[in-house]
Structure formats: structure tokens, C-alpha cells
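Asker: I would like the atomic coordinates for the input below:
(2 chains)
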Amino acid sequence: MLLVIDETKTIYKKLFWVACLGKELIMKLVLKDVYKKMQKQVILNHVNATFESGKIYGIVGRNGSGKTMLFRAMSGLMNTEGEIWLDEKRLGKDMRILPNLGIIIENTEMYPEFSGYTNLKLLANIKKKVKKDEIKNVLRLVGLDPDDNKIVRKYSLGMKQKLAIAQALMEKPDILFLDEPTNGLDDEAVKNFWELLRKERSKGTLILLASHSKEDIEQLADEVYYMKSGSLFKEENNER
Amino acid sequence: MKLYWKYYFFPFLYGIIFSWYASFQSKATHFQIWEAVALFNGGYLNTANSKVVCCILQNYVPFILFSIVFSTYIYRHFCNCSVYFFTRCENRSRWYTKEIIKLFGFSTLNSIFILLGHIATGLISKKIVFSLDQMWIVGWYISLYSIWCFSLTLMANILAILKGSAFGISIVFSVQAIITLLLLTIDSKKELSGSNLKRMVYNPVSYLVGNWYRVYWRGKKIMGVEPCNLSMTTGYAIWGSVCIAVVLFGMYVVHKVEIIKSNKEI
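Answerer: Below is the predicted model:
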């Protein structure tokens, strides 16, 4: 019930701004010639792209193609050459990290000695944007029991992934970077997750979804990009 | 934070065991608090020899344990969860400042718990003597040992961020042990003057030994054994400078580090 109210509020907020400004607010994330070399290896090779809010962008690439590094660079956790702009603000100059970002990075775990709920509470304490009830709701939404005291170390791969999804969604982000988000999830959970993403898109969230599975991406994405050896391109055969 | 509280049992227990053991070696009926902090069982030895160096190393035990337990206090955020943590943390300087203040608080508590352990034993076996001058010494002990312990622990955390936790701990304690063992170069059979005295004065570890100070309180000598003549101000200046240098180095590292590897411990 609370979730429905939340969603309705977001839609009304969006309508309000459309009415006031006469046009829909579109947030743009622009990458200009982003380049990164580490230990003599090119990780990101002059990446140029523009991403807009309210869309799901798929990034397909094999393991090691640079998808995760691209997410780290775009979030502000890694310095790169080139420029990354969010509307009028430049990453690394006007802001250290992307504001209101939800992120899932492959192989990144939570604090293993705490329960799922405690993990989310610790992370929520940094920004102090969400309350206990909201944390519990998001855990229920992804299919985890908020009252479960089991520590994360004892979680299955699927449970860990659900928890990662919950942390990404809990602060109602404007931007979502999702790196292999369905790893370890069963078919039912994957279906639910796709549904959640569609709802996020309808709220105007900018979603970047990376996967090595082209089929997964094509089901959901509005635009598909391909990544190989640090280069990002739109057409599969258009390799630089 | 609940995770860390249980470790305070150890310094308390250490204080109890240590005082209890020391009580066998002393026939005094009164327990003066400063005895617990001057050099613990280093007694009134006025120069460095292998026995004193052993005492100093022995005194390190509860502090080293503290440093090991808290060596991941800041570093843990750079392991698991680092991406999720730092994409939420917009101001790393403010976060780092808050964390080091908390760490300093924990370090101070560690010194206090050791002292409480000593006092607990003293209360049972002897009559405790409290006086203002003794509180002065207790204040010295708590503040200087807290600064020292905090600096070591923070350095272990910073080195762990750069190279992993095993590296952080081993480097910090190796350096500390080497500096302590350098005290053995002081010739205890010779008079404490000239180059012999310099070896004591220029070694920062010397300033952790209460008996090597000369402290007066309202004209009355309250700490120190002749001919040692270390200044309390110099002690604070040395360990304070180390502490500030470590804090600034930490600030630089925390700012500059790129969150690339998800977990160095894997």
C-alpha cells in the first residue's frame, strides 16, 4: 500500500513539473571521450555516449570488456581522462560522485557479519534519506524477510543479489547502474526484477543495465550498446 | 558499533591480572594509582636494559590487541561494500574526520579500561590512595597512550587501504618493535649522559615510560627517577606530531584512493 502511495506521489511530482515548465524534465548523463589506462592496459577507450532519464540502456559485453569499470568511472569512484556531465554539472569538478545514484556492481558484497536489514540501515545512515519502515518495505519488495537475523555471510548467492538490488533501490534513485543484476536469481525473481525496472523507468529513472547476456538486455532495454576492450559502440558489428 | 564493545573486556582483564601479579612483588599496603601507570611493573629502573625493554614490550600487549581489532575500523569500508558505501558518501573528508574522532574515543577508552582493571585489583587487595598529583599522572598516561595507540591504529588502517590489512599491521608493529629495541643501545652500565642520553631522548618510545620523566607538581616531584630527565612537553610534542602527520596522510589517502578493487582480502 505504502509503495503504491509512493509511486503515485512520484508521478504527481513529475506531472507538476511538466505543467510548470511546459516540458518534461529530462536528465542527461553525457560521456565525452572518457579514457582510462591501468597497468599499461586500456580499460576505457575514448567512450562517448549520452544517456537520458526515463530510459533503460543495455550494455552487452563479455566479462572483462570494461562494463564494471565504466560504471565505476561514471559513478565517480574512479578518476578518468575526458569529461562526464550530468546536465550542467561536471563529475569530479562540480560533484565528487553522482547524486542520488543506485548501483549494483558485480562481486561487491555487503558487510558479511551483519544481517541484511542491518547492512541496509548502515548504508542508509550515510545519507539519512530513508526510514526504518522504508528499508523494511524495500526488503519485502525484493523478496527478503526484513526480520530475518541471518548474517549476510550465510546468505545464498540469490539472497545476496536480492539484497544488492534492495540497497540500490532503497533511496529512490534518479540514476541506476546495474551490473549483472540477475546473477544468481531464479526465474521468478528475475521476472519480478524486470517488472521493478519497468516501474522505475516509468518514474523517470535513468537505468543502465550491463550484462553478458544479450537476450536479457534485449527484453528490457530501449537502446542497446555493446562493449568490447573498453570501447562502447551502438551497433554490434561497429567495432572500433 | 556493538561489534567492538566486547573487546574492552580484554584491557580490563589485562589490568586486573597485571596488578594482581604485581601485588605479589610488592609489600606495600597502599596502592598508589600512579604505580599502575608509571611503567607498570617496570618499577623504579632508571635506565634502559633488557629487563626494562621487556617490560615496555609487555605493556604493549593490550594496546597491540586494540590496534589489531581496530586495524580494520576505517579500512573495512574499503573492502566489502566499498562501492555501495562511497557512492553514498558525498564528502569523504567529513566522513573521515568523524571516523577518526570515534577511533580516538575508542583508543582513550582502551587506556581507561586498563587503568580500571588495575584499580579494581587495588580496591580488593590494598588501600587506594587518591590525590590531585596522582590524577595529573593518570591524565598524562591516558592522554599520551591514547594518542600513541590511536596513531598506530590509524596508520595500520591507512596502510591496509593501500596494501591490505596484513601489510598494515605487520609494518606498523615491526617499526614500533624496532624503535623499542633501539633502546637497548643505551649502555646501562655507563652514566646517562652525552650520546648515551641522546639515545634515550631521541627515541620516541622513551616518552611512553613514566619513570623516565621528571614531573613536578606544586614544587613536589611526583614522577621520574634520577638521572632520567625527559620533558612531558617534548613527549606530547613528539607523539602529537606523529599523530597529526598520520591523520593528514590518512586524509590524503582517503581522498585519493580509487575504489576499484571490491575487496583486497579475497
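Asker: what about residue B:135, how many neighbours?
Answerer: 13 (other Cβ atoms under 10 Å in any protein chain shown). The way it works is simple: take the backbone N, C-alpha and C, and place the C-beta from them, glycine included.
Asker: Number of residues surrounding residue A:43?
Answerer: Using other Cβ under 10 Å, residue A:43 has 21 other residues around it.
Asker: And residue A:148, by the same measure?
Answerer: 13.
Asker: now it, what's its secondary structure?
Answerer: Secondary structure of residue A:148, reduced to three states by DSSP: H, G, I helix; E, B strand; the rest coil: coil.
Asker: Isn't it up against residue A:115?
Answerer: Yes - counting by Cβ atoms under 8 Å, residue A:148 touches residue A:115, with 6.6 Å between them.
Asker: Can you list the low-confidence ranges for chain A?
Answerer: Of all residues in chain A, those with pLDDT under 70 make up the ranges A:1-24, A:235-240.
Asker: Where do the strands of it begin and end?
Answerer: With DSSP state E as the definition, chain A shows strands at residue ranges A:28-38, A:41-52, A:56-60, A:81-86, A:89-90, A:101-104, A:175-179, A:206-211, A:223-228, A:231-233.
Asker: Could you name the stretch from the ones you listed that's closest to chain B?
Answerer: Taking Cβ to the nearest Cβ, strand A:101-104 is the member of the strands of chain A nearest to chain B, at 5.2 Å.
Asker: And that closest one, what does it pack against?
Answerer: When contacts are defined as 3 or more Cβ pairs under 8 Å, 6 or more residues apart in numbering or on different chains; DSSP states H and E, strand A:101-104 packs onto helix A:67-75, helix A:157-169, strand A:175-179.
Asker: near chain A, which residues of chain B show up?
Answerer: Contact residues (Cβ under 8 Å from any Cβ of the partner chain) of chain B with chain A: B:3, B:76, B:80-92, B:95, B:258-260, B:262-263.
Asker: related to what we said a few turns ago, redo the strands of chain A as a markdown table? Include distance to residue B:121.
Answerer: Shown next, in a markdown table, are the strands of chain A (distance: least, Cβ to Cβ, whole Å):
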| stretch | distance to residue B:121 |
| --- | --- |
| strand A:28-38 | 56 |
| strand A:41-52 | 59 |
| strand A:56-60 | 65 |
| strand A:81-86 | 61 |
| strand A:89-90 | 61 |
| strand A:101-104 | 53 |
| strand A:175-179 | 56 |
| strand A:206-211 | 61 |
| strand A:223-228 | 66 |
| strand A:231-233 | 68 |
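Asker: Could you measure from residue B:60 over to chain A?
Answerer: For residue B:60, the distance to chain A equals 27 Å [Cβ to the nearest Cβ, to the nearest Å].
Asker: With distance to chain B and mean neighbour count as added columns, please give the helices and strands packed on strand A:101-104 in JSON lines.
Answerer: Output for those, formatted as JSON lines (distance: least, Cβ to the nearest Cβ, whole Å; neighbours: other Cβ atoms under 10 Å in any protein chain shown):
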{"stretch": "helix A:67-75", "distance to chain B": "5", "mean neighbour count": "25"}
{"stretch": "helix A:157-169", "distance to chain B": "6", "mean neighbour count": "22"}
{"stretch": "strand A:175-179", "distance to chain B": "9", "mean neighbour count": "24"}
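Asker: Can I get these in CSV including distance to residue B:71?
Answerer: Shown next, in CSV, are the helices and strands packed on strand A:101-104 (distance: least, Cβ to Cβ, whole Å):
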stretch, distance to residue B:71
helix A:67-75, 26
helix A:157-169, 26
strand A:175-179, 30
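Asker: So which of these is nearest residue B:61?
Answerer: With Cβ to Cβ as the measure, helix A:157-169 is the member of these nearest residue B:61 (38.1 Å).
Asker: In CSV, list the C-alpha atoms belonging to the closest one.
Answerer: C-alpha atoms of helix A:157-169 as CSV (Å, rounded to 0.1, in the frame of the first residue of the first chain):
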residue,chain,number,x,y,z
LEU,A,157,24.0,-16.1,-3.9
GLY,A,158,20.4,-15.3,-4.9
MET,A,159,19.7,-13.7,-1.5
LYS,A,160,22.9,-11.6,-1.7
GLN,A,161,21.8,-10.4,-5.1
LYS,A,162,18.4,-9.5,-3.8
LEU,A,163,20.0,-7.6,-1.0
ALA,A,164,22.2,-5.7,-3.5
ILE,A,165,19.0,-4.8,-5.5
ALA,A,166,17.3,-3.6,-2.3
GLN,A,167,20.3,-1.3,-1.5
ALA,A,168,20.3,0.1,-5.0
LEU,A,169,16.5,0.9,-4.9
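Asker: OK, contacts around residue 155?
Answerer: The chain I'm using is chain A. Residues in contact with residue A:155, defined by Cβ atoms under 8 Å, 6 or more residues apart in numbering or on different chains, are A:116, A:163.
Asker: sorry, should have said chain B
Answerer: Each residue near residue B:155 by Cβ under 8 Å, 6+ apart is listed here: B:168, B:172, B:246, B:249.
Asker: just the buried members of those residues?
Answerer: Restricting these to buried positions leaves B:168, B:172, B:246, with burial counted as 16 or more other Cβ atoms under 10 Å in any protein chain shown.
Asker: any chance of those residues in JSON lines, with secondary structure and distance to residue A:91 too?
Answerer: Shown next, in JSON lines, are the buried ones among the contacts of residue B:155 (DSSP: H, G, I helix; E, B strand; the rest coil; distance: Cβ to Cβ, whole Å):
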{"residue": "B:168", "secondary structure": "helix", "distance to residue A:91": "30"}
{"residue": "B:172", "secondary structure": "helix", "distance to residue A:91": "35"}
{"residue": "B:246", "secondary structure": "helix", "distance to residue A:91": "30"}
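Asker: Tell me the one of those nearest residue B:67?
Answerer: Nearest to residue B:67 among the buried ones among the contacts of residue B:155: residue B:172, at 7.1 Å, using Cβ to Cβ.
Asker: element containing the closest residue to the closest one other than its chain neighbours?
Answerer: Sequence neighbours aside, residue B:156 is the residue nearest to residue B:172 in space, at 4.6 Å (criterion: Cβ to Cβ, 6 or more residues apart in numbering or on different chains). Element membership for residue B:156, per DSSP states H and E: helix B:132-163.
Asker: Determine the number of other residues adjacent to the residue nearest to residue B:157 when sequence neighbours are not counted.
Answerer: Excluding its sequence neighbours, the residue lying closest to residue B:157 (Cβ to Cβ, 6+ apart) is residue B:74, at 4.3 Å. By the criterion of other Cβ under 10 Å, residue B:74 has 24 neighbours.
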